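**Q** when you get a sec, could you give me coordinates for this:
(chains A and B)
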Amino acid sequence: MQNFTAFSDAELFKTLRQPKAEAERAFAELYARHSQRVYVYCLKIMGEEADALDIFQTTFLKFHAAAQSEKNIENIPAYLLRIARNLCLDKKREFKPTVPFEDFHGAARDNSYENTELFALINTALELLEIEYREALVLHEYEGLSYNEIAEITGDTIPALKNRVWRAKQKIRNILSPYLADLTK
Amino acid sequence: MHYKNALQQYFDGELDEVGEDILFGELAHNHDARREFNEHTKLRAAMQKERSALTPPAQAAGAIFGALGYDLPLPVHAPNAPLSGAVAASSGVFLKLLPYALTSLLSALVAVGIFAGFTNNYFENKVSAPFRNSVQSDYKASDVKTIIEKTDNDSLSIFIKNLSEKNTKDEFSKSKNNSIITNGISNDVPSYSLKAQKMLQERTEDSMLKKQIAVIAQSDFKNLNISDPKSLKSHPANTYSKENMFQIPDLKQTFEVEMQRDFSIEMRSIIATSFPENSVAAQTELLKNQAVAGFYKLSDNHSIGLESGQEQFAQEYIKNINGHNWTVRQNPLYWYGGITYRFSLPETEIFGFKNVIVPFTQIFAGAAQTGYLGKSLLGFKIVPESRVAFLIAAEGSMLLYNVDGLWDNSRKLGFSYGVNVSF
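**A** Residues are numbered from 1 along each chain as shown, chains lettered A, B, ... in the order given. Below is the predicted model:
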């Protein structure tokens, strides 16, 4: 039995076209490697867990379907995130929720998937950011991608991305400033 | 460079050593810069910490794998996954099984009712089919009559009439080979008896017809005056008397004889759920949980046999695949086979029916595709007729399998029902 841990992402991607037994194991390996990254992206961009889960699942199904074609993908994480990104943007276009600043505190308390107060505060602050700022920040800070990798996904220029990430951080810091001061103490 | 630009470059990892020295110098005496630096650091740490705590829920992975037709595993690290098999209250399990149990019981009762009704009517009116090796028709006990007549050409005609079939004398009068009618030798009276005796020997069944032939074979035709209608009519063989002329077969005796059948084939359906329940979804598909068994009866009480079938077993265990730990939650369909032993209570009489409702217990030991399998059953057979028995039983089973050198098991509890045919 082959050890798929030694396979590169691209090799695993090709293996998805193989008979079911092998494809199943290759998919399991790819899922193990990248599911968390995709899930975090979906969750942070969508805000709502239900929407995030829906997009997360669809992302992997589309990814699997794409593998059945003769495509060769080298950067699998970027490819997955591109699929997730398109789905998120489509979803956002369907419904654009707004969180009034006055509801900030209430919204923070309603956030149920976080374990700590700071996480909840950050997530609520993220929801207050415009989508392009939020996305740049999520990809850079949560996903740990370089600006080059982010640019590959979003198609934006690197200076623009740097600017967005920094401004996003500043906005969040400004929103959370009183809380951060307390937490710092 | 303003400290804000330096901070941005620092957190992007793009600040060189010279720039760092300048920045840290600024932080040393600039309170605002230091506060901003601390807040950015804290935010980044929080984000990274949160990221490591966020993992896709098991149900999302399950939906993905399921949609792709993959039986494979869900990630073990999923925080929302209910990994531990929650022990269900017994009442919950039985409530879940109750509709199945009632359905199976009802269907068994309906089947028994239909069969019993059919067989009762059959035995009441007709002779048991298996005994009719060469009988060409059935005769009701009360409607068979020997008729001795003089034919138009002065010969003697003896035939057995089935009175239930109007306008039909009987098969003997229509069939040359079996006919007792011996035209042209009307005075050769003994030949009638001889012919009847010969036919009696040839017939292996136990029928009214055969008994009637026996009456003819034992009759004295020597002094019969075929020209005297009164003589013919008063001949003993020509007198209809059910009590004297034939005996109704002893059906109970027939049953006892037939109980000696040694081999039987059995088909069972299994409706069961995991016990204790685990997080794998409903796992019993009716048409996929079937067993076929062949039994050999050692005695009235003891039978042994071979059983094979397909059955689903919900499995939940942790397995290392490709270096990753997975919680495998699956409900695969496994082939299994093995030997089985059944003990049936002898000489039961329940609700006035002797040996019709027969309690039994059964054990099975064998192997499935993934490990070892043991089963035990406790139930009863309904035996409306010695060749056929309907079964319903409580069934418990345990599948023992090895994962990464450790033994794990799946247990099920439920009902089984089926039919057993002896031959």
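**Q** okay, now the unreliable bits of chain A?
**A** Filtered on pLDDT under 70, chain A yields the residue ranges A:1-2, A:70, A:95-116, A:181-185.
**Q** just give me the residue right at the centre of it.
**A** Centroid-nearest residue in chain A: residue A:41, 1.2 Å away (criterion: CA atoms, centre = their mean).
**Q** quick check on that residue: phi, psi?
**A** Per-residue torsions, residue A:41: phi -60, psi -50 (degrees, to the nearest 10).
**Q** residue A:170: neighbour count?
**A** Residue A:170 has 17 neighbouring residues, counting by other CB atoms under 10 Å in any protein chain shown. Glycine gets a C-beta too; all of them are placed from N, C-alpha and C.
**Q** list the buried ones in the one helix or strand it maps to?
**A** Assessed by DSSP states H and E, residue A:170 sits inside helix A:158-184. Counting neighbours by 16 or more other CB atoms under 10 Å in any protein chain shown, one finds that the buried residues in helix A:158-184 are A:161-162, A:164-173, A:175-176, A:179-180.
**Q** thinking again about what came up before, wait, isn't the residue nearest to the centre of chain A in contact with residue A:142?
**A** Yes. With contact defined as CB atoms under 8 Å, residue A:41 and residue A:142 form a contacting pair (7.3 Å).
**Q** pLDDT weak spots in the stretch 51-200 of chain B?
**A** Where the stretch 51-200 of chain B drops to pLDDT under 70, the residues are B:71-105, B:107-196.
**Q** nearest to chain A: which residue in it?
**A** Relative to chain A, the nearest point of the stretch 51-200 of chain B is residue B:56 (4.1 Å; CB to the nearest CB).
**Q** nearest spatial neighbour of that residue, skipping sequence neighbours?
**A** Using CB to CB, 6 or more residues apart in numbering or on different chains and skipping the chain neighbours, the partner closest in space to residue B:56 is residue A:39 (4.1 Å).
**Q** let me see the domain layout of chain A.
**A** A:1-97, A:100-185 (automatic domain parsing).
**Q** circling back to that earlier point, which strands and helices lie in contact with the helix holding residue A:170?
**A** Judged by 3 or more CB pairs under 8 Å, 6 or more residues apart in numbering or on different chains; DSSP states H and E, the packing partners of helix A:158-184 are helix A:117-127, helix A:131-137, helix A:147-154, helix B:3-11, helix B:31-53.
**Q** if we use 10 Å, what do you get?
**A** Helix A:158-184 sits against helix A:104-110, helix A:117-127, helix A:131-137, helix A:147-154, helix B:3-11, helix B:31-53, with contacts defined as 3 or more CB pairs under 10 Å, 6 or more residues apart in numbering or on different chains; DSSP states H and E.
**Q** ok now that helix, how far from the chain's centre?
**A** How far helix A:158-184 lies from its chain's middle: 18 Å, per CA atoms, centre = their mean, to the nearest Å.
**Q** for residue B:270, helix, strand, or coil?
**A** Secondary structure, DSSP: H, G, I helix; E, B strand; the rest coil: residue B:270 is strand.
**Q** for the nearest residue to it once chain neighbours are set aside, give me phi and psi.
**A** Nearest residue to residue B:270 in three dimensions, chain neighbours excluded: residue B:289, at 4.2 Å (CB to CB, 6+ apart). Main-chain torsions, residue B:289, degrees, to the nearest 10: phi -110, psi 80.
**Q** check contacts around residue B:289.
**A** Neighbour list for residue B:289: B:268-272, B:283, B:309-313, B:333, B:412, B:414, B:416 [criterion: CB atoms under 10 Å, 6 or more residues apart in numbering or on different chains].
**Q** out of those, who's the most crowded?
**A** Of the contacts of residue B:289, residue B:313 is surrounded by the most neighbours, 28 neighbours in total, counting by other CB under 10 Å.
**Q** that residue contacts residue B:414, correct?
**A** No. Using CB atoms under 10 Å, residue B:313 is not in contact with residue B:414; the gap is 11.9 Å.
**Q** what's the overlap in contacts for the two?
**A** Residues touching both residue B:313 and residue B:414 (CB under 10 Å, 6+ apart): B:272, B:274, B:289, B:397.
**Q** pLDDT added to those, as TSV?
**A** As requested, the shared contacts of residue B:313 and residue B:414 are exported to TSV (pLDDT from 0 to 100):
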residue	pLDDT
B:272	81
B:274	78
B:289	85
B:397	92
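**Q** contact partners for the residue nearest to the centre of chain A?
**A** By CB under 10 Å, 6+ apart, the residues touching residue A:41 are A:52, A:55-56, A:59, A:77, A:80-81, A:84-85, A:88, A:135, A:138-139, A:142-143, A:145, A:153.
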